[in-house]
Each structure stands twice: as structure tokens, then as C-alpha cells.
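> kindly return the folded structure for what I paste below:
(one chain, ligands or ions: 1)
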Amino acid sequence: MQDVIVVEGGKSLFGEITVDTAKNAVLPIIAGCILTKKEVVLKNIPNISDINKMFEILSLMGADVKRDLRLKTASVKVEELTTVEIPSGLAKEIRSSIFMLGSLIARYKKARVTYPGGCDIGSRPIDLHLSGLRDLGVKITEDYGYIECDATAMHSGVVHLDFPSVGATENIMMSAVLLEGQTTIMNSAKEPEIIDLASFINSLGGKIRGAGTSTIVIEGVESLSGGEYTPIPDRIITGTYLIAGCMTQGSIKLNNARYQDVYALLNKLRNAGAKIDYDQKSISISINKRPLASASIDTQPFPGFPTDLQAQMLALQTISEGISIVTENLFETRFKQVPELLKMGAKITVKDRMAIVKGVSSLHGAEVVSYDLRGGASLVLAGLVADGVTKVFNPHFIDRGYEDFEQKLSMLGASVRREQAKP
Ligand code: EPZ
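Predicted coordinates for the structure are as follows:
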């Protein structure tokens, strides 16, 4: 039986919640645990399916993983892996399985992995990962959908990325941590999760500098120690709730939120008419009138407007006053939720990577289907403001990146619950 999220629209959100730790920081950090034989204790780790699957992959490969879901801690000890092959079934389910390539190469000088899965938002190639590793002397063969890496002749050097890919930056960074000499990544991604991965590795004795800029330098070290680490808060969860507060004309405060990670969004929400306040640990938003449309939203690599907030921002535009042009520059099919929003009365025209949105004064509830993580979350947001009841099917996509999504929205005053869909 499948679940369905049921939303009764019309309630403004008020109150405060605490933001969970960032999925896209935890996932590469889990792969980074392969770089050391010693125990690593990760703290404040959310119980979401992508993270659970990543730990499962590590366990299946021979790591000792102990999770305490109540304390939200995970102890990981990779004394020895029993294989350097990432289990293909699970690897096909999550994009982040590919992050293990770099850490396996660093530690074992070899790896075997199938092409990764992940949200169906585009072709998701890994050519930049592979060309960067080849630039460092890794021999890579591909057959029958498997990628075989032989890093016995790997050497330090300079890798230039044609595009600042987050995953490629993370993979190449990890592959060089135990590599003799100095390796430089040019045109590297600058996302906060890259900085967090580098600070995690440095906390174990790694020597990485420049993370957060477009040039990262990794000095190879003999080995890493063990340690404890708490990854950064999730900027996409932060943005999702801020947008929900704006859409419902409420007033909410997010604790454990970093304004510097969502600056591009804060500007847009201020221009929409919202009052935004923040300090070092929290962000507040309040608005008591219909938001103004953002004339244009263009997704870019960090610090530009994040692609992972595009669907949520598009939902906001459907009920804002005016016309907005949303351009998705990172992924080729990230408007899958648009037909579902049209069922709710939204006025959107999609042309290639551009969605033109004419704000309407109200949406109406409907039965809608989520096809990916952020698109699914945006349908729940639309349901919060729609007249009547909205049912969002396939909420397992949302569970990939949001822990207790409906519970947290309910804590803020929304009328939202999960129930079993009638056959
Ligand atoms: C990471 O994916 C995130 N996932 C994505 O979040 C996020 O949308 C994306 O970065 C961009 O910020 C994780 O961190 C687990 P990329 P990743 O490599 O690493 C192209 C979410 O909702 N590209 O920066 O796969 C690619 O096709 C998820 O939490 C190549 O062409 O993103 C895309 O157009 C969705 N060749 C662009 O670069 C490559 O070898 C950005 O991809 C790699 C990427």
C-alpha cells in the first residue's frame, strides 16, 4: 500500500522549528569515512532514506556502522572493507553512491561501481568525475554499465573541471587525500557542502585548503585519524520552510539555520515583500500580504540561486502577484511537477529550460503525484495555500531529503498528515 500526504490548505504558518543537518553534506562525509581505519562518530544525522541507504552500502561493503536514531548519532569504523565494488542495486538508487569512487581509490587504489541513480531530473552524467580522475593517472575502463578504476599508477597533479560539478569536486578531492604530493582542483564547486567535506577530512588530519573557492589544493597525507563531526545545517530544508512561510503569509523562525548559505533566496523573499531577520544561528521570516512575483529566477552554481530550491520557488510564484520567469540552468528536466501544479489551477508555460508563471490569487486542491524530491516538496507547499484538500502521492521521494516533513509543517500550524492511499 502506498502512502499519500493529505494537506488542507488555508493555514498560515507560525512558530519555530529546528533545521536538520544537510543531506548533501552527510552523504559525501559518509563516503569520506572510508579514508580512515579509525572510528568516526557523526552527530545530528537525520533519519532520511538517502542517508540510510548510504550507510547500508557501507555496511554491505564490510564497514562497521552503528546508528542511534534517537540520539541521531552514527559510529562508522572502516577497519577493512570486504570489497571495493559498490553494490549495484543500492548504487542505482542514490546518486551519492558515486562519491565512494574517490575514497575507495584513495584507500585501496581501485574501485568498481555501476552508474549511479538519483532523482530523475536529467541525464546526471559522471564524465567530469572520470576525466578528473584520469587526469591524475587513474586507469578507468567501462563495460556492461560498470566502471572499473585502477589507481596503482595514480599521481598528484592539476585537474580543471569544465563545469563546477559538486560531485566531481567531492570525488576528486577525496581521491587525493592520501595521495603523495599536491593536487589542485581548478574551477571547483563552491557549495557549503564542499567546505563541510573538507573541514570533516581536515578534522581527521587531512590537508585541504581553498574549499569554498574555485581552486582547492589537497596535500596528500600518510593516513587519517578518527574523530567526531557534526555536519552543517541543510540550506535546502531552510529554504523550503522559508518559502512555505512566505507562501502562507505567516511568521516563522528557523533555528540551526545559516543565513550565509541561503543569501540568494533571502534577497528574493525580501523583494517579494517578506520581512527577513537573521543572526548567527537562526533566520526569521514574516509577511502578511500576497507576495510579489520575482521577475526572474535563474538557477546557478553556488553562490547563485540553488537549483534545489527552484521547484519550491516556482510554487511560490504560482500564487504571487505578477509574472515570473524561472530558468533551470543546471538540470534538463527539473519541471516535472509543473503538470501537477496546473491541476491545482496554476498558470505556467514551460519552454525548454524556462517556465513562465502568471501568479493567480488562489489555487485549488487536487490529487497530484510527486516525481522527484524537490518537486514533491513543492507540491506540498502548493497544497498549504490551495483552497480545499490536496493529496500528494509518491511521498517516498520527499522522504529522501526531508525528515518528518508533515510533522514539522504541522508543528507550524499546517493541516497536513500522511495516510495510506485507498487501493
Ligand atoms: C549535487 O548533485 C546534489 N546532490 C544535487 O542535489 C544538486 O542539485 C547538485 O549537486 C547541484 O547543486 C548531492 O549532493 C547528493 P553536479 P551532483 O555534479 O553532484 C552536470 C537534491 O535535490 N554534470 O553539480 O550530481 C550535471 O548533469 C539533489 O538534494 C556533468 O555534466 O550535481 C548537471 O547538469 C538533486 N558531468 C550539473 O553538472 C558530470 O560528471 C550539476 O551537476 C557531473 C555533473
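> now for the helix or strand that contains residue 147, which elements pack on it?
Residue 147 belongs to strand 146-150 when elements are defined using DSSP states H and E. In terms of contacts (3 or more C-beta pairs under 8 Å, 6 or more residues apart in numbering; DSSP states H and E), strand 146-150 is packed against helix 100-108, strand 110-114, strand 139-143. The way it works is simple: take the backbone N, C-alpha and C, and place the C-beta from them, glycine included.
> is whatever helix or strand comes next after it up against the ligand anywhere?
Going down the chain from strand 146-150, the next helix or strand is strand 158-160, by DSSP H and E. No: judged by C-beta under 6 Å from any ligand atom, strand 158-160 and the ligand are separated, with a smallest distance of 12.1 Å.
> residue ranges of the strands in the stretch 101-250 of the chain, please?
According to DSSP state E, counting those that start in this stretch, the stretch 101-250 of the chain carries its strands in the segments 110-114, 139-143, 146-150, 158-160, 182-186, 207-209, 215-219, 227-229.
> let's have those strands in a markdown table, adding mean pLDDT and mean neighbour count.
Putting those into a markdown table (pLDDT from 0 to 100; neighbours: other C-beta atoms under 10 Å) gives the following:
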| stretch | mean pLDDT | mean neighbour count |
| --- | --- | --- |
| strand 110-114 | 91 | 20 |
| strand 139-143 | 91 | 11 |
| strand 146-150 | 93 | 18 |
| strand 158-160 | 98 | 17 |
| strand 182-186 | 98 | 20 |
| strand 207-209 | 98 | 17 |
| strand 215-219 | 98 | 20 |
| strand 227-229 | 98 | 16 |
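> could you dump these to JSON lines with distance to residue 412?
What follows is the strands of the stretch 101-250 of the chain, written out as JSON lines (distance: least, C-beta to C-beta, whole Å):
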{"stretch": "strand 110-114", "distance to residue 412": "40"}
{"stretch": "strand 139-143", "distance to residue 412": "47"}
{"stretch": "strand 146-150", "distance to residue 412": "44"}
{"stretch": "strand 158-160", "distance to residue 412": "44"}
{"stretch": "strand 182-186", "distance to residue 412": "40"}
{"stretch": "strand 207-209", "distance to residue 412": "38"}
{"stretch": "strand 215-219", "distance to residue 412": "38"}
{"stretch": "strand 227-229", "distance to residue 412": "30"}
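> and of the helices and strands packed on strand 146-150, who's closest to the ligand?
When the helices and strands packed on strand 146-150 are compared by C-beta to the nearest ligand atom, helix 100-108 sits nearest the ligand, at 11.2 Å.
> kindly provide the distance from residue 164 to the ligand.
According to C-beta to the nearest ligand atom, to the nearest Å, residue 164 stands 7 Å off from the ligand.
> what's the answer for residue 71, then?
Counting by C-beta to the nearest ligand atom, the gap from residue 71 to the ligand is 24 Å.
> give me the neighbour count for that residue.
Using other C-beta atoms under 10 Å, residue 71 has 10 neighbouring residues.
> any chance you could map the helices in the stretch 201-350 of the chain?
235-247, 263-271, 310-318, 338-343 (DSSP state H, counting those that start in this stretch).
> contacts for the strand holding residue 147?
88, 101, 104-105, 109-115, 126, 130, 133, 138-142 (C-beta atoms under 8 Å, 6 or more residues apart in numbering).
> one more time with 10 Å
Contacting residues not belonging to strand 146-150 are listed as 84-86, 88, 98, 101-102, 104-105, 108-116, 126, 129-130, 133-134, 137-142, 175 [C-beta atoms under 10 Å, 6 or more residues apart in numbering].
> okay, now residue 350: neighbour count?
15.
> tell me what it is bridged to.
residue 355 (DSSP bridges).
> indicate the residue of the stretch 101-250 of the chain located nearest to the ligand.
Per C-beta to the nearest ligand atom, residue 167 is where the stretch 101-250 of the chain lies closest to the ligand, at 2.8 Å.
> my guess is that residue meets residue 100, correct?
No: counting by C-beta atoms under 10 Å, residue 167 does not reach residue 100; the two are 11.2 Å apart.
> common neighbours of these two, please.
Common contacts of residue 167 and residue 100, defined by C-beta under 10 Å, 6+ apart, comprise 28, 116.
> which one's more surrounded, the two?
More crowded of residue 167 and residue 100, by other C-beta under 10 Å: residue 100, with 28 against 23.
> got the phi/psi numbers for the closest residue to that one other than its chain neighbours?
Nearest residue to residue 100, sequence neighbours excluded (C-beta to C-beta, 6 or more residues apart in numbering): residue 31, at 4.6 Å. Note on residue 31: backbone dihedrals following degrees, to the nearest 10 are phi -60, psi -40.
> and residue 31, how far is that from residue 295?
For residue 31, the distance to residue 295 equals 40 Å [C-beta to C-beta, to the nearest Å].
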